[in-house]
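Novice: Please find the sequence and the predicted model below.
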There are 2 protein chains.
Amino acid sequence: MPYFDAASSAPLHPVARQALQAALDEGWADPARLYREGRRARLLLDAAREAAADAVGCRPDELVFTPSGTQAIHAGISGALAGRRRVGRHLVVSAVEHSAVLHAAQTHGATAEGTVTEAPVDRTGRVSPDVFASLLRADTALACLQSANHEVGTEQPVAEVAEACRAAGTPLLVDAAQSLGWGPVEGAWSLLAASAHKWGGPAGVGLLAVRKGARFAPQGPADERESGRSPGFENIPAIVAAAASLRAVRAEAADEAARLKALVDRIRTRVPELVPDVEVVGDPVRRLPHLVTFSCLYVDGETVLHELDRAGYSVSSGSSCTSSTLTPSHVLRAMGVLSEGNVRVSLPTGTTEEEVDGFLQALPGVVSAVRERLDAPSSARPSPSPAADSLVVDALGKRCPIPVIELAKVIGDVPIGGTVTVLSDDEAARLDIPAWCEMRGQEYVGEEKAAEGVAYVVRRLS
Amino acid sequence: MPYFDAASSAPLHPVARQALQAALDEGWADPARLYREGRRARLLLDAAREAAADAVGCRPDELVFTPSGTQAIHAGISGALAGRRRVGRHLVVSAVEHSAVLHAAQTHGATAEGTVTEAPVDRTGRVSPDVFASLLRADTALACLQSANHEVGTEQPVAEVAEACRAAGTPLLVDAAQSLGWGPVEGAWSLLAASAHKWGGPAGVGLLAVRKGARFAPQGPADERESGRSPGFENIPAIVAAAASLRAVRAEAADEAARLKALVDRIRTRVPELVPDVEVVGDPVRRLPHLVTFSCLYVDGETVLHELDRAGYSVSSGSSCTSSTLTPSHVLRAMGVLSEGNVRVSLPTGTTEEEVDGFLQALPGVVSAVRERLDAPSSARPSPSPAADSLVVDALGKRCPIPVIELAKVIGDVPIGGTVTVLSDDEAARLDIPAWCEMRGQEYVGEEKAAEGVAYVVRRLS
C-alpha cells in the first residue's frame, strides 16, 4: 500500500527506530543533573547536537532542539525580530512559505508597528532574488525564505537571496523543513529551522540554528533549557533518533535523490499523457527530488484523494474542497495556477518503480470516474451552434469544481468573441477560472463585484 | 544502582515502552490527513486523549497534548490571562510554584498593567486557603496553585483554594506535574497542567486541560493542531505511550503509594537519628507518597550529591551551591528553612526496602566525611570560656556552608547574651543563619547592610 505523502510526514527510518529504542534506556534522565543518569543523558544530547550541527553546517553551540519544526520557526522568527527591534519592525517573507511562517508573520503584523511584506513568486512558485532584494528596507528586521516549497517542490534561490540579505545587513531565516534530509542549505543564511519527521526522524523534534553574530532575543517565559531558546524538558530519545536518522538519510541522499528524481520525472511526463486536462505545476528542474504536484480540471480534490486512497495510494491536495477553510492553498494562489483536482505526490525513501507505475495505472480511471460522476465536459466536446453573444452562468452556492464545469459546458454556446459570465461565491473560482482560460486558450477578461458573489468574465477565442 | 530522583524525571514505565514501540508503526502519519495512515494516527490520538481525560477527570475535548509540562503551563497561563483580559491583569501564584509557573508570571508582570501577587507558605511549604483567598481581587484574571510541591512534597489545599476561587469568580490553574500519576486533582479547578515523564511516560508530552466555560485565548501564532492550543505536529507515538502509562501507574497507585509512603516515613524518621544536625522539611503527613527532603548543617549540597552519586545514589538538591544562580531554591527560601546540605529523595515506582536501607546506611558516612573535610564543628563541641561580649566573623567571599560553619565555631566564644555578627555576601546566608539559630536554640537578631555584604547578628542564648 504505497504511501506517497512524505512531505507531510515520512515513515520512521529504521535507524531512527534503533536509535530511539537504545536512547530510551540511556536518555530519560534530566541532562541538567550531575548524577550518572543525568551525565549519560547529557552525553547523548551533546553527541546528537554535534551530529545535527554537522549535517546543518553550523557549530553545535549555534543549534538547539525544539519540540517541532513549527516551534523552531515560531521561536526563530520571534527571537530574531526581537533581537533587532532597534533596527525596525519590518518583516519580509515569501508568499509561498509554510503556514508556520505565515502565521508567525501575521502575529508580528498585528503588533504595534509590526509590518510584513510578502515577496511574490512566478508561476513555478519561485521568488526572484532581485525582487526579494528590492523589498529589503533600512527597517527590515528579518527576511524568511524556504529552501524548497512544500507543496510544489520548487527550490528557492536561497544562496542569491542570502547574499542580497547579507549585503543589506538583514538576517535571513531559512525554513529547510523539506530539504534538510537531502543536503545542507548553501549560502550565508543567519537562521535555519527544520523538522525531524520530514526526514524519517520521529515526531517531537525540530531544530533551530542561529549563527553567531545574529542578534537573537528569545521571547516568552524564561527557561534554562537549550540555551534559553526552547522551553521544556529535552526529549532526548527522540533527539538522538532525529540526529541518527539525519545522518543516515544523508548518507543515502545522493543515490536516492537521483532515483526518486527519475520516478518523479516519469510522473511529470506520463500524467499529462494519461489524463486529459491536467496541469503539472512547480519548477520541472530546480525542484525537490521526491515531490510533484498536478491539478486536474473538472474534478474535486477531495473525491480524487478518497478514490486514490481506496485504490491504495495516500496523497495530499491543496484544493479548497479538501480544506476546512474553503480556500485553495495559498501556494497555488500565489503561483496563480489551477487549484481544482490538485494532487501532491511526495515519495518516501525506498519508493519503487512498481509503486509509481501502479499509481500511474490507477490515476486515469480515478479521474475519469470522478469527471463522469460530475458530468464534466470531455475535452473533445464539439461546439454546438452559438446561441447568444453573451451568456451568464449562475453558479452561486456551488463549490469547486462545479463553477468551472458549468463554464466549460456553455463556452461553445457563444460565438468566438462572445463572453460567458460566471457568477460564483466560491473562493477557488478566482484562481481556477483564469487557470482554465489559460489551459483552454480562452481569454480571461476579469472579475466584477456582483449583487451576490463575483462575476468572472471569459471571452471565447477558439 | 538506585535512582532516587523520580521528581525530576522517572524512568520509562514498561507499559510506556510497549505502547511507544507499537505506536511508532501506526502513529507516524499526519492525523489531519484523510488517507488510511492519517486515519490510523487520528484513532490513536483520539483514544489517547480519551484515556488521559479519563485520568484527569475532564472531557476529551477539554484536554490537549503539549510538547512538555512547561509548555502546558506557559500556554495555560498566557491563554487564561488573555481570555480574561477585560476582567483585569492581576495574577496570583503561590510562592513555591515550579519555575515554569514563576517564569510565566514574571513575563506577565513585565507586560503593561500586568501585576503578580505571590501567596506565602508556612514552614511546611503549604499555602493557607484563607490567605490565598484574601489575595483574590476584582481584577484577578487567574490564580495558580500546584497540587503538591516538587521540592518538599507538601500537598496544597487545592480543593479549598479552588472553592475560594470559584466563589470569587477567578479561574484556578493547577500544576499537577508531581501528583497526577498518583490520582486526579480534586476540586473545582478550571485549568490543569501536567507532564508525562514525571509519571513514567516518555519525554515530549505534557497535557493541558481547560474546562468548558473557562475563558481561553491561545497566544502566539495560529496553528490548527490541538484545538489551536498547542502548535506543531502531534507527537502521537509519545502521546500514546504517555496515556497508556498514566493508566498503568494509576492502576498501581494505591498500593504503590502506601508502600512508598512507608519507605519515606522510614527516611523521615531515621535520617535525624543517624545524622546529627539535620532538618527534615515539608509536611510529614499531607505529602506526596514518594518524596522527602532534608537539609544537613555544615555541608555543601554539591559535595553531598557528588559523594552520594559515588556511593550509587542519584538524588537532587535545592542548595545554592548546586545551582548556577548561587541562590538557594525559591521553595526553601519561601518556607524559611535551612538550605545548606539540602537533599531531595524521590523514589520511583518499584523502589525496594533494601535500596532505601542502603541509602540510610551510606548517608551518615557521606555527611560526616564532608563535615570533616570542611572542619565543621561537631554538635557536641564544648563551649570554651567566653572571650568577648561580641565578635565579628568575616565570611565575605565564602560560599555556603562556610558562613554558618564559621558562626558555629565561634558562638561559644561569646557569653550567653553576647552576639556574633557574620559578614557575608552569600545569598544562602540570609536563609541558613536564621535556620541555624532555630535549630541550635540561638536568637537571630536580624540583618544590617554592611560596607560590603550583609551583617547577620546572632545572640547566644544557650
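Specialist: That came in fine, so what should we check first?

Novice: mind giving me the domain split of chain A?
Specialist: Domain segmentation of chain A under automatic domain parsing yields A:14-249, A:251-373, A:390-459.

Novice: Of those domains, give the one that comes closest to B:Glu163.
Specialist: When these are compared by CB to CB, domain A:14-249 sits nearest B:Glu163, at 28.4 Å. Bear in mind the C-beta positions are built from the backbone N, C-alpha and C, glycine included.

Novice: How far does the closest one sit from its chain's centre?
Specialist: 16 Å (CA atoms, centre = their mean, to the nearest Å).

Novice: okay, A:Thr327: pLDDT?
Specialist: A:Thr327 is assigned a pLDDT of 82 by the prediction.

Novice: any idea how far chain B is from it?
Specialist: 14 Å (CB to the nearest CB, to the nearest Å).

Novice: before we move on, what about A:Thr351?
Specialist: The value you get for A:Thr351 to chain B, if CB to the nearest CB is used, is 14 Å.

Novice: next one: A:Cys58
Specialist: 22 Å.

Novice: can you give me the helices for the stretch 101-250 of chain A?
Specialist: Listed from the start of the chain, the stretch 101-250 of chain A has helices (DSSP state H, counting those that start in this stretch) covering A:129-134, A:158-168, A:236-274.

Novice: of the ones you listed, which approaches chain B most closely?
Specialist: helix A:236-274 (5.8 Å; CB to the nearest CB).

Novice: Tell me the buried residues in that closest one?
Specialist: Neighbour-count burial for helix A:236-274 flags A:236-250, A:253, A:256-257, A:259-261, A:263-264, A:267-268, A:270-271 (criterion: 16 or more other CB atoms under 10 Å in any protein chain shown).

Novice: and it, how far from the chain's centre?
Specialist: 16 Å.

Novice: Spell out which residues of the stretch 101-250 of chain A are next to chain B.
Specialist: A:103-104, A:106-107, A:195, A:197, A:202-204, A:206, A:220-224, A:231-238 (CB under 8 Å from any CB of the partner chain).

Novice: And for the residue of the stretch 251-400 of chain A found nearest chain B, the neighbour number?
Specialist: Nearest residue of the stretch 251-400 of chain A to chain B, counting by CB to the nearest CB: A:Ser314, 3.7 Å away. Number of residues near A:Ser314 (other CB atoms under 10 Å in any protein chain shown) recorded here: 23.

Novice: can you pull the contacts of it?
Specialist: By CB atoms under 8 Å, 6 or more residues apart in numbering or on different chains, A:Ser314 lies in contact with A:1-5, A:308, B:29, B:33, B:35-38.

Novice: In JSON lines, list the residues you listed along with distance to B:Arg286.
Specialist: What follows is the contacts of A:Ser314, written out as JSON lines (distance: CB to CB, whole Å):
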{"residue": "A:Met1", "distance to B:Arg286": "56"}
{"residue": "A:Pro2", "distance to B:Arg286": "59"}
{"residue": "A:Tyr3", "distance to B:Arg286": "53"}
{"residue": "A:Phe4", "distance to B:Arg286": "57"}
{"residue": "A:Asp5", "distance to B:Arg286": "52"}
{"residue": "A:Leu308", "distance to B:Arg286": "60"}
{"residue": "B:Ala29", "distance to B:Arg286": "46"}
{"residue": "B:Arg33", "distance to B:Arg286": "48"}
{"residue": "B:Tyr35", "distance to B:Arg286": "52"}
{"residue": "B:Arg36", "distance to B:Arg286": "51"}
{"residue": "B:Glu37", "distance to B:Arg286": "48"}
{"residue": "B:Gly38", "distance to B:Arg286": "47"}
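
Novice: now the helices of the stretch 101-250 of chain A in TSV, with mean pLDDT?
Specialist: Output for the helices of the stretch 101-250 of chain A, formatted as TSV (pLDDT from 0 to 100):
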stretch	mean pLDDT
helix A:129-134	98
helix A:158-168	98
helix A:236-274	98
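
Novice: Now distance to A:Glu372 too, for these, in JSON lines please.
Specialist: Listed next are the helices of the stretch 101-250 of chain A as JSON lines, based on distance: least, CB to CB, whole Å:
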{"stretch": "helix A:129-134", "distance to A:Glu372": "43"}
{"stretch": "helix A:158-168", "distance to A:Glu372": "44"}
{"stretch": "helix A:236-274", "distance to A:Glu372": "16"}
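
Novice: re the thing from before, are any of the residues of the stretch 101-250 of chain A next to chain B buried, and which?
Specialist: Judged by 16+ other CB under 10 Å, buried ones among those: A:103-104, A:107, A:195, A:197, A:202-204, A:206, A:220-221, A:223, A:231-238.

Novice: what bits of the stretch 301-450 of chain A have low per-residue confidence?
Specialist: A:321-325, A:379-387 (pLDDT under 70).

Novice: and the gap between the residue nearest to A:Pro2 when sequence neighbours are not counted and A:Val280?
Specialist: Distances taken as CB to CB, 6 or more residues apart in numbering or on different chains place A:Glu355 nearest to A:Pro2, at 4.1 Å, with adjacent residues excluded. Per CB to CB, to the nearest Å, A:Glu355 is found 19 Å from A:Val280.

Novice: neighbour-wise, which of the two wins?
Specialist: Neighbour count, other CB under 10 Å: between A:Glu355 and A:Val280, A:Glu355 has more, with 19 against 16.

Novice: what about the helices in the stretch 351-462 of chain A?
Specialist: Using DSSP H, counting those that start in this stretch, helices in the stretch 351-462 of chain A cover A:353-373, A:402-410, A:427-440.

Novice: ok now do A:Ala23, which residues does it touch?
Specialist: Per CB under 8 Å, 6+ apart, neighbours of A:Ala23: A:44, A:236-237, A:240-241.

Novice: Now it: which helix or strand?
Specialist: Per DSSP states H and E, A:Ala23 falls inside helix A:14-26.

Novice: Three-state assignment for A:Gln71, please.
Specialist: Under DSSP: H, G, I helix; E, B strand; the rest coil, A:Gln71 falls in the helix class.

Novice: That one: how many residues sit nearby?
Specialist: 27.

Novice: contacting residues for it?
Specialist: By CB under 8 Å, 6+ apart, the neighbours of A:Gln71 are A:206, A:230, B:67, B:231-232.

Novice: 6 Å instead?
Specialist: Neighbouring residues of A:Gln71 by CB atoms under 6 Å, 6 or more residues apart in numbering or on different chains: A:206, B:232.
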